[in-house]
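Asks: Turn this into a structure:
(one chain, ligands or ions: 2)
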Amino acid sequence: EVKKETLGFQTEAKQLLHLMIHSLYSNREIFLRELISNASDAIDKLRFAALSDESLLEGQGDFQVQVDVDKEANTITISDNGIGMTRDEVIENLGTIAKSGTAAFLENLTGDQKKDSQLIGQFGVGFYSAFIVAERVEVHSRKAGQDAASGVVWESRGESEFSIEGREKASRGTSITLFLKEEAKEFADDFRVRSVIKKYSDHISVPVMMLKPQPPQAEGEEAEAPVAEYEAVNEATALWTRPRTEISDEEYKSFYSHVSHDFEEPLTWSHNKVEGKLEYTSLLYLPKRAPFDMWHRDMTRGLKLYVQRTFIMDEAEQFLPMYLRFVKGVVDSNDLPLNVSREILQQEGAVESMRNALTKRVLDMLSKLAKKEGDDYALFWKEFGQVMKEGPAEDFANKEKIAKLLRFSTTHTDAPEQDQSLEDYVSRMKEGQEKIYYVVAENFNTAKSSPHLEVFRKKGIEVLLLSDRVDDWLMNHLQEFDGKALQDVARGALDLAADSEEEKAEQEKLQKESEGLVERLAKVLEGQVEEVRATARLTDSAACLVVGEHDLGAQMRRIMEAAGQ
Ligand code: ADP
Ligand code: MG
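Replies: Numbers count the residues shown, from 1 in each chain. Ligands and ions are numbered 1, 2, ... in the order given. Modelled structure (predicted):
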């Protein structure tokens, strides 16, 4: 047997622990949600591993989480019969923070305790939340499939170090005991703990068991030895398998916090059972707020995949395109094999069809939201508009649908809020106007005061004011909407129709008069510009630079320069 060993926490883990212990009090009960969710994850992992190696179950396939409280000892213990951990895994998983998310978590702290404690789950640093309520934590674990002697105990006071030693464990899985702080002794109370479990873990698909409360014994009565009997405290059916009509909004919302780790309510959701050639159920949610890592390459995205109600994997990215990476939820398929892997997912024809259908679902959910009264869609656009703008490039087939969901700021309002749709724009087009005009600039103010707009303002023609990084990219791929070409006002020749015969005559006169000047300027600027032209596009400014019809847009050039090209 290996003797007791003391090890130090990794620096980031230490920082996080310090924070847990000293500043996050306001929402203490979430520790239970985090530990039960880990227990349920561990069971999911074993269930999955047992599909290819049944011996791992050791003949015991009744999965459950057990919660025991002890008022006298002031402890709460959460046990599971899931996959368990080896000694090395315990050190790796509970002593370091391998995820890049943690640094970001620490950066994102607001100093507002309530908000910060709610960030915990979102950043996947759940286990350490035990130290919000515990002065000491003991983890006893044994990996499924290994012998009892390989059991291991991890113990820490959450300061700078933890100890680890071997200790036999007869049953597989993990048991976590929290020695509660004096001010957290409410969590050794049966009634209190039951209510927290119901609140957070009702929809978890494994039962969470607690001792049945004993009826009070009348004094003097001969006490029969009470038999310890456990009962499930939570509902324990996978929510998405139940009929829509029987699920309350509260249950949908609570399930959302389970799949997303988001502390806010979802903006909306869509729950569907598909039957026919392909059979699957999906439950998709739109979050209210963008995750902190939406622009990281390795952001957690994708749906939870189940096959016939068996959990297969988190972050199944194959079921939605990149530009819908903010969608959370589950998909449960009856057609995929239980031993499906990420590699197989990439080749399965069924996945392709499901992806197309789920993409449509999300786009429909969005257009419904956009039509709804109130400002939910504006909220959505503010958080996720930039990502939606990647859509037309990635998803050509749904280009028109996506285009209808786009929102812009335009000269119609001259305000920075992106709240005008292309349909709005088209409905306001001038008679004889054939194109949708836009200007791209570094920021909103530059766009709004661009000299290229002078003639449009004079003629009362609306122009989209674009200043997001992705806008040039978007326009390159969108190209047209409702049969109308999108035209950059700073590119090539403008073919604005003259309003009247007089105006036309004036323009022709201008061209003639300028011939000499244009020729001289072209000589002076030779090699620096491609062409000098007299123009009607300016009313106040003397001259402006125009990009050729087929050259890179100003923004694309800036992006390429920044990339060193
Ligand atoms: P997350 O659950 O987001 O991965 P946590 O901090 O909650 O982060 O847990 C860290 C890791 O510790 C988990 O990923 C898992 O590998 C391991 N772990 C925690 N609890 C258990 C458990 N009950 N059984 C097995 N492994 C566990
Ligand atoms: Mg966790």
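
Asks: Could you export stretch 392-404 as PDB, CA atoms only?
Replies: Output in PDB follows, covering the C-alpha atoms of stretch 392-404 (Å, rounded to 0.1, in the frame of the first residue of the first chain):
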ATOM      1  CA  PRO A 392     -24.400  33.200 -45.000                       C
ATOM      2  CA  ALA A 393     -20.800  32.200 -45.600                       C
ATOM      3  CA  GLU A 394     -21.000  28.900 -43.800                       C
ATOM      4  CA  ASP A 395     -24.600  27.800 -44.700                       C
ATOM      5  CA  PHE A 396     -25.300  28.700 -48.300                       C
ATOM      6  CA  ALA A 397     -28.500  26.600 -48.400                       C
ATOM      7  CA  ASN A 398     -30.100  28.700 -45.700                       C
ATOM      8  CA  LYS A 399     -28.700  32.000 -46.900                       C
ATOM      9  CA  GLU A 400     -32.100  33.700 -47.500                       C
ATOM     10  CA  LYS A 401     -33.500  32.500 -44.200                       C
ATOM     11  CA  ILE A 402     -30.500  33.800 -42.300                       C
ATOM     12  CA  ALA A 403     -30.600  37.100 -44.300                       C
ATOM     13  CA  LYS A 404     -34.100  37.700 -42.900                       C
END
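
Asks: what residues does it touch?
Replies: For stretch 392-404, contacts defined as CB atoms under 8 Å, 6 or more residues apart in numbering pick out 321-323, 356, 359-360, 363, 367, 388, 391, 421-423, 473-474, 476-478, 481. From N, CA and C alone the C-beta is placed, and that goes for glycine too.

Asks: Give me the buried subset of these.
Replies: Listed as buried from those are 321, 323, 359, 363, 388, 391, 421-422, 473-474, 477-478, 481; burial here means 16 or more other CB atoms under 10 Å.

Asks: For ligand 2, what is the nearest residue in the protein?
Replies: residue 126 (3.3 Å; CB to the ion).

Asks: Check the secondary structure at the most centrally placed residue in the chain for me.
Replies: Central residue of the chain (CA atoms, centre = their mean): residue 326, 4.0 Å from the mean position. Of the three states, residue 326 takes coil under DSSP: H, G, I helix; E, B strand; the rest coil.

Asks: Please report how far it lies from residue 260.
Replies: From residue 326 across to residue 260, the span is 10 Å (CB to CB, to the nearest Å).

Asks: Common neighbours of those two, please.
Replies: Common neighbours of residue 326 and residue 260 (CB under 8 Å, 6+ apart) are residue 287.

Asks: Mind checking which of the buried ones among the contacts of stretch 392-404 are in helices?
Replies: In this view, those that belong to helices under DSSP state H are 359, 363, 388, 391, 422, 473-474, 477-478.

Asks: Minimum pLDDT in the residues you listed, which residue is that?
Replies: Least confident of those in the model: residue 473, at 91.

Asks: How about stretch 510-522, which residues are buried there?
Replies: Buried residues in stretch 510-522, defined by neighbour count with 16+ other CB under 10 Å: residue 521.

Asks: And the residue nearest to the centre of the chain, how far from residue 477?
Replies: Distance of residue 326 to residue 477, computed by CB to CB: 20 Å.

Asks: The buried ones among the contacts of stretch 392-404 into a markdown table, with extra columns for distance to ligand 2?
Replies: Converted to a markdown table, those look like this (distance: CB to the ion, whole Å):
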| residue | distance to ligand 2 |
| --- | --- |
| 321 | 28 |
| 323 | 28 |
| 359 | 29 |
| 363 | 32 |
| 388 | 30 |
| 391 | 32 |
| 421 | 40 |
| 422 | 43 |
| 473 | 37 |
| 474 | 37 |
| 477 | 39 |
| 478 | 41 |
| 481 | 44 |
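
Asks: Report how many residues lie close to whichever residue of the stretch 251-400 of the chain sits closest to ligand 1.
Replies: Per CB to the nearest ligand atom, residue 261 is where the stretch 251-400 of the chain lies closest to ligand 1, at 7.8 Å. If you count neighbours by other CB atoms under 10 Å, residue 261 ends up with 21.

Asks: Quick check on it: phi, psi?
Replies: As for residue 261, its main-chain torsions (degrees, to the nearest 10) stand at phi 60, psi 20.

Asks: What are the buried residues along the host helix or strand of residue 379?
Replies: Here residue 379 sits within helix 376-388, counting by DSSP states H and E. Neighbour counts over helix 376-388 (16+ other CB under 10 Å) mark 377, 380-388 as buried.

Asks: now, which of the residues you listed lie close to ligand 1?
Replies: Applying CB under 6 Å from any ligand atom to these, one finds that nothing falls near ligand 1.

Asks: right, and out of those residues, which lies closest to residue 138?
Replies: Distance to residue 138, by CB to CB, is smallest for residue 383 among the buried residues of helix 376-388, at 41.3 Å.

Asks: Now that that closest one has come up, it's in contact with residue 290, right?
Replies: Yes: using CB atoms under 8 Å, residue 383 is in contact with residue 290, at 4.5 Å.

Asks: So for these two, which residues contact both of them?
Replies: Residues within reach of residue 383 and of residue 290 at once, by CB under 8 Å, 6+ apart, are residue 326.

Asks: and this structure, which residues reach ligand 2?
Replies: For the chain, the contact set with ligand 2 under CB under 5 Å from the ion comprises 38, 126.

Asks: who in the chain is up against ligand 1?
Replies: Residues of the chain lying close to ligand 1 (CB under 6 Å from any ligand atom) are 34, 38-39, 41-42, 80, 82-83, 85, 93-94, 124-127, 174.

Asks: repeat that for 5 Å
Replies: Contact residues (CB under 5 Å from any ligand atom) of the chain with ligand 1: 38-39, 42, 93, 124, 126-127, 174.
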